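Asker: Here is my input, please return the structure:
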Amino acid sequence: MHPLVELAKSAIETYIEEGRLILPPPDFPQEFLTKKSGVFVTIKKQGRLRGCIGTYLPTQENIAKEVIRNAISAATQDYRFGPVSKEELPLLSYTIYILSEPELIKSKSELDPKKYGIIVKTTPFSNTDKTDAIFDGRIPVKTGILLPDLEGIDTPEKQILIACQKAGIDPQTEKILIYRFSTEKYGE
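Answerer: Purely as a prediction, here's the structure:
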C-alpha cells in the first residue's frame, strides 16, 4: 500500500475510533513533508463511492497534512453520506489524488476529461479575460470541480456540464472561467 494511502487509512481509523488527529510518521517520505499541493481523498466501500473531499489549492503546510485533513473530512463531512462508522472501516478502500496547480484554459480544445480534471467558477466580470477573479482573494459565488478520468465522462462538454451542475451554475446565463489540472493518483 502506498504511504499516502496508508496515511489516509490511519487518519480515518484513528479519528473514527479515538476521536483524535494523527501526525505523519517521522519516517514518512520527505517529498510529501516538504511539498504543498491540493489533495483529494476518495473513499469507496465495496467498490461504491462512500466519500470524496479535497482541496484544489494547498491549505496545510505539506501534502501529508493535507491528506490527513481531507481524509477525515471525506469520512465525516461529505454531505452526500453520513459519517463513516467503526463497523465500515474494514470495508473501505482509499484513493489519493495530488493535484497540479490549476491553469486557466482559453478553449475547450485544451481539455481532455481522461487526462485533466476541471474547476469551473463563476466570474464577477463580463470579460472572462480577467483571470484575477479566481486567485486574488475574491470569493466567487459558485465553484464546481471534477477529477479526471471519471466513469461516464468522456467529452469536455459533459465534463463542463457536470462541474457546472455540481456548483449550481447555469452555463447558458452565467459567465464562467474554466481551469484544468492534472493529478498523481495513488491507490485503487
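Asker: helix or strand right after the helix-or-strand element of the chain with minimal mean pLDDT?
Answerer: The helix or strand of the chain with the lowest confidence, counting by mean pLDDT, DSSP states H and E, is helix 132-135 at a mean of 49. Using DSSP states H and E, the helix or strand that follows helix 132-135 in sequence is strand 143-146.
Asker: and that next one, what does it pack onto?
Answerer: strand 117-122, helix 156-167 (3 or more Cβ pairs under 8 Å, 6 or more residues apart in numbering; DSSP states H and E). The C-beta positions use only the backbone N, C-alpha and C, and glycine is treated the same way.
Asker: highest average neighbour count across those?
Answerer: strand 117-122 (a mean of 24; mean count of other Cβ atoms under 10 Å).
Asker: Let me know the angle separating it from helix 156-167.
Answerer: Between the axes of strand 117-122 and helix 156-167, defined by axes from the mean of the first three to the mean of the last three Cα atoms, to 10 degrees, the angle is 60 degrees.
Asker: Pull the residues that contact strand 117-122.
Answerer: 56, 97, 99, 102, 111, 133-134, 140-148, 159-160, 163-164, 167, 169, 171, 174-183 (Cβ atoms under 8 Å, 6 or more residues apart in numbering).
Asker: for L147, phi and psi?
Answerer: Phi and psi for L147, reported as degrees, to the nearest 10, are phi -70, psi 160.
Asker: Counting neighbours, what do you get for it?
Answerer: 20 (other Cβ atoms under 10 Å).
Asker: Break this protein into its domains for me.
Answerer: Domain ranges of the chain: 3-99, 103-182, per automatic domain parsing.
Asker: Would you single out the least confident of the ones you listed?
Answerer: Of all these, mean pLDDT reaches its minimum on domain 103-182 (a mean of 84).
Asker: returning to that earlier point: possible to save the domains of the chain as TSV with distance to E188?
Answerer: Listed next are the domains of the chain as TSV, based on distance: least, Cβ to Cβ, whole Å:
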stretch	distance to E188
domain 3-99	5
domain 103-182	12
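Asker: any idea which of those is most buried?
Answerer: domain 3-99 (a mean of 18).
Asker: how far does it stretch from start to finish?
Answerer: The first and last residues of domain 3-99 sit 17 Å apart, counting by Cα to Cα, to the nearest Å.
Asker: and what of stretch 26-40?
Answerer: End-to-end for stretch 26-40, by Cα to Cα: 23 Å.
Asker: on that earlier part again, compare the helices and strands packed on strand 143-146 and give me the one nearest E31.
Answerer: strand 117-122 (21.3 Å; Cβ to Cβ).
Asker: and the closest one, which strands flank it?
Answerer: Using DSSP bridges, strand 117-122 pairs in its sheet with strand 143-146 (antiparallel), strand 176-181 (antiparallel).
Asker: C52 is nearest to which of the ones you listed?
Answerer: Going by Cβ to Cβ, the one of the strands paired with strand 117-122 nearest C52 is strand 143-146, 10.2 Å.
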